[in-house]
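Student: Give me a 3D structure for the following:
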Amino acid sequence: MGGVRVLVGTAKGAFVLTSDDGRTDWEVDGPHFGGWEVYHLAGSPVHPDRIYASQSTSWFGQLIQRSDDGGKTWEPVGNEFTYHGVPGTHQWYDGTPHPWDFARVWHLAPSLTEADTVYAGVEDAALFKSTDGGKSWDELSGLREHSTGSSWQPGAGGLCLHTIIQHPEDTDRMLVAISAAGVFRTHDGGATWQPANKGLMSDGIPDPDAEIGHCVHKLAIHPSRPETVFMQKHWDVMRSDDFGGTWTEVSGNLPTDFGFVVGVNAHDPDTVYVVPIKSDSEHYPISGALQVFRTRTGGNEWEPLTKGLPQDNAYVNVLRDCLAIDALDPCGVYVGTTSGDVFASADDGDSWGPIVRGLPRVMSVEVQTLP
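Tutor: Got it, this is the predicted structure:
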């Protein structure tokens, strides 16, 4: 078949967008689960037609759906999340205790190597793993039971584990990002975890270069150079060359280094994309001009990409899971906005156009490159 499948989660359902490798004409299928919040859709790198979806409502709670035919049909899979150990207690800012609570699944990460293995990051922050295609879930409790767990604090969106990075050469190594605790890494498949925030500094916390407490928004790697990790933090774009051991700032000449997304070009580990937002209180582009910024040098030197993007009255946000990159050559880059538009570039970001407009608020964008 060839081509791409773009998976879009919105505040009122899921949409599946498909195109051939030209990426000029798009078929829009949806909404699936209309009326439900779909926090994340994720396609399996091993099973090209398998997609997982996290859907929830305040009324009916949390469900996980799975499709094995590219999103044509869906079935609810196991929504039994088995907790291990003694639930921790968080100490909120005012010092009062707050017991751990399962609110929703923020992020799904199918295994890079095993068709039936998938990870889930949830709110309150915890990590789960399924080895039967999502039918049952067991907590990797070493993370939540870390000695710093009681001092983790929520970001504006909640205390959520929103990013899961799997090392492509070693299945025992992972990074996770928690808002607003920071980055943690494991070298033993999730049994034990260590904070991975050295070099981060954050205003507004008692110790600005503390071991934990940093509001990390997103992480991204390139499979050919997995030790190099790029981060969009609450403020600052950061880079690590030792899988999160230490971080240095690479914001460079960005007009603002606040944002939610970061992604790496599929063919060049030094080409990275971010979408700057004006500030942490004004979640929209500077002057209402939507711009994607690209570096070809691994950071510091950034260029604005604007051709085909709205440059007037685009007071929109791009949420943390709303930038995706396909593996075709040249790369397709996809950005979803809170105004319900999905913009795409089929030339590494040089030029853009809308592939669908007027959807509900876009909450996640992922892409599968089809065989």
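Student: CA only for contacts and neighbour counts going forward, please
Tutor: Noted.
Student: Contacts only, for the nearest residue to residue 306 once chain neighbours are set aside.
Tutor: Excluding its sequence neighbours, the residue lying closest to residue 306 (C-alpha to C-alpha, 6 or more residues apart in numbering) is residue 291, at 5.3 Å. Shown in contact with residue 291 (C-alpha atoms under 8 Å, 6 or more residues apart in numbering): 275-276, 285, 304-306, 309, 311.
Student: make it 7 Å
Tutor: 275, 304-306 (C-alpha atoms under 7 Å, 6 or more residues apart in numbering).
Student: same check, this time on residue 220
Tutor: Applying C-alpha under 7 Å, 6+ apart, the residues contacting residue 220 are 229-231, 262-264.
Student: Repeat that for residue 239.
Tutor: Contacts of residue 239 (C-alpha under 7 Å, 6+ apart): 228-231, 247-250.
Student: Among those, name the ones in strands.
Tutor: Using DSSP state E, the members of those that fall in strands are 229-231, 248-249.
Student: of the residues you listed, closest to residue 165?
Tutor: residue 229 (9.4 Å; C-alpha to C-alpha).
Student: partners of the closest one in the sheet?
Tutor: Taking DSSP bridges as the rule, residue 229 bridges to residue 221, residue 240.
Student: Helix, strand, or coil at residue 319?
Tutor: Following DSSP: H, G, I helix; E, B strand; the rest coil, the label given to residue 319 is coil.
Student: so how many other residues sit close to it?
Tutor: 23 (other C-alpha atoms under 10 Å).
Student: still on that earlier bit, quick check, nearest of the contacts of residue 220 to residue 243?
Tutor: Among these, and counting by C-alpha to C-alpha, the member closest to residue 243 is residue 229, at 6.1 Å.
Student: What segments of the stretch 201-350 of the chain are helices?
Tutor: Here the stretch 201-350 of the chain has no helices by DSSP state H, counting those that start in this stretch.
Student: Give me the below-cutoff pLDDT ranges for it.
Tutor: Residue ranges of the stretch 201-350 of the chain with pLDDT under 70: 206.
Student: With the stretch 51-200 of the chain instead?
Tutor: Using pLDDT under 70, the stretch 51-200 of the chain drops low at 84-89, 92-93.
Student: So which residue is dead centre in the chain?
Tutor: By C-alpha atoms, centre = their mean, the chain has its centre lying nearest to residue 321, at 3.7 Å.
Student: Run through the bridge partners of that residue.
Tutor: Beta-bridge partners of residue 321, as defined by DSSP bridges: residue 364.
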